[in-house]
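Novice: below are the sequence and a predicted model for it; my questions follow.
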Amino acid sequence: MKTRRKDVRVLCRVALLLVLVAGFAGCGNPREPAGVKSIAIMTWNVQLLFDGVEDGTEFREFREAAGWSQEKYAGRLNVIARAIGEMERVPDIIALQEVESARVVEDLAVALFAHGYRWAHFARIPGMSLGVGLLSRYPLEETKAHSVDLDGDIAPRPMLEARINMPGALAEEANEDSFSLVLFVCHWKSKRGGADETESTRRASARVVLRRMRELAKTNPKLPVVVVGDLNVTHNEFVRGGGAMMRSLMPDDPCAAEFALGYFLGNNPTDVFVSGSKLQRDFLVISHNKPPQAQYFPEGVLALYSPWTVEKEGGSFFFRNAWETIDHFLLSAQLFDGIGWEFYDSRVLDVPPFVAADGLPNGYNPRTGRGISDHLPLKLFLRMQQ
């Protein structure tokens, strides 16, 4: 790879242009599979969903002195539950970001009682305002919360890991005990304080994901993994930044691979042979290949599939007059191997009540009690391959 660096730089310029153009490509109409042989997973940053009990860690607009109350909380929860319950395909699994407490996740499960979310989990760093949650119609097993430590500084939110088993009719048809997959529910550090200045914390989060995925690959190489949530980094962040800085999400293109190699060698000048596992310490490689595999990075680099610009267009968050693709589903290669759960489709829920009349996210206003969230939900569809 080092002997071809001049050729790679030429390819870099072309790749940067192609990725920027691809970011505006259309992707056709979404499809929603039905029946017991498919599952729908939703991820949604519900925008500061605080409960009605004041414990001192709330944002000030969600305190009693600012007019926040049990009644406002109940009203907002009902709006969210109604929006989910009236979907064309109600999700089987819901990953939530920006929820205050386990009480919120449990209350939402109760509000959606008719849809059978019997399993729930929540994780938050002690003393922090918000955490991440998970609702499921299927059993949650081996749930773990991973904190992200960067030189002694703990990231504001943990990563929630859960293994989800889908028993019943699906298992009986294939004579299996269950069909499992692992979800990593994430809410990475925001860009408040500067996108470049905070990137190291998001890379630390990517390091945790990589570590766990490599551990799982050793113990159960056939187990599919989906990374979900608000990562606060776009699928093409490296390109948008001019290819001048390492990012927690790196595209599988020659420019990104060359930059990553140069960055590694700059910090490890005595390394003669650079393997994929050495190179990939704190970033995920985004691929649009099915199955995902890194074409331009060294062998051994872990790549995940992103539906952005393929099945999904536009964005899920609107910031400074532009759409952002900071909410994600990132899929492991096991979801494209023709065995068990397989990727089917993905979509952005850019319809009312999630969008306002202007087509932008219908953000929640705690003063008026109107709106729902400043992020749009994403849905992922998997179907059983037999």
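Specialist: Happy to help now that I have it. Residues are numbered from 1 along each chain as shown.
Novice: who's in contact with the residue nearest to A123 when sequence neighbours are not counted?
Specialist: Excluding its sequence neighbours, the residue lying closest to A123 (CB to CB, 6 or more residues apart in numbering) is A145, at 3.7 Å. Any C-beta I mention is one placed from the backbone N, CA and C, and that applies to glycine too. Residues near A145 by CB atoms under 8 Å, 6 or more residues apart in numbering: 123, 158-161.
Novice: ok, what's across the strand from A145?
Specialist: L160 (DSSP bridges).
Novice: quick check: the gap between it and H375.
Specialist: A145 is 22 Å from H375, where distance means CB to CB, to the nearest Å.
Novice: before we move on, what about S190?
Specialist: 12 Å.
Novice: for those two, indicate the residue with more neighbours.
Specialist: Neighbours around S190 and H375, counted as other CB atoms under 10 Å, are more numerous at H375. The numbers are 24 against 15.
Novice: wait, isn't the more buried one in contact with D327?
Specialist: Yes: using CB atoms under 8 Å, H375 makes contact with D327 at a distance of 6.1 Å.
Novice: common neighbours of these two, please.
Specialist: 44-45, 230, 316-317.
Novice: which stretches in the protein count as helices?
Specialist: For the chain, helices defined by DSSP state H occupy the ranges 5-22, 70-85, 102-111, 169-174, 199-219, 237-240, 254-267, 276-279.
Novice: strands - which of the shared contacts of H375 and D327 land there?
Specialist: 44-45, 230, 317 (DSSP state E).
Novice: show me the shaky parts of the stretch 151-300 of the chain.
Specialist: 152, 167-178, 272 (pLDDT under 70).
Novice: go again with 80.
Specialist: 151-154, 166-179, 270-273 (pLDDT under 80).
Novice: can you tell me which of the helices of the chain is nearest to E311?
Specialist: For the helices of the chain, proximity to E311 was assessed by CB to CB; helix 5-22 is nearest, at 12.9 Å.
Novice: H115 against E86, yeah?
Specialist: No: the criterion here is CB under 8 Å, and H115 misses it with E86 at 10.9 Å.
Novice: the two: who's more crowded?
Specialist: Counted by other CB under 10 Å, H115 and E86 do not tie: H115 has more neighbours, with 17 against 9.
Novice: roughly how far apart are the more buried one and I93?
Specialist: 11 Å.
Novice: do the same with T325
Specialist: 21 Å.
Novice: please apply the same query to V79.
Specialist: Between V79 and I93 the computed distance is 21 Å (CB to CB).
Novice: one step back: tell me the one of the ones in strands among the shared contacts of H375 and D327 nearest P221?
Specialist: D230 (28.8 Å).
Novice: for the closest one, give the beta-bridge partners.
Specialist: H187, D327.
Novice: count of neighbours near it?
Specialist: D230 has 25 neighbours, counted by other CB under 10 Å.
Novice: more neighbours: V79 and I93, which one.
Specialist: I93 (27 against 18).
Novice: and the more buried one, what does it touch?
Specialist: By CB under 8 Å, 6+ apart, the neighbours of I93 are 39-42, 134-138, 164, 183.
Novice: so which of the helices of the chain is the most packed in?
Specialist: Across the helices of the chain, averaging neighbours per residue (mean count of other CB atoms under 10 Å) puts helix 237-240 on top, at a mean of 23.
Novice: export it as CSV, just CAs?
Specialist: Coordinates of each C-alpha in helix 237-240 appear next as CSV, following Å, rounded to 0.1, in the frame of the first residue of the first chain:
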residue,chain,number,x,y,z
GLU,A,237,-18.1,13.3,7.7
PHE,A,238,-14.6,12.7,6.4
VAL,A,239,-15.4,14.0,3.0
ARG,A,240,-17.3,17.0,4.3
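Novice: counting contacts, what elements does it pack onto?
Specialist: Here helix 237-240 touches helix 5-22, strand 249-251, going by 3 or more CB pairs under 8 Å, 6 or more residues apart in numbering; DSSP states H and E.
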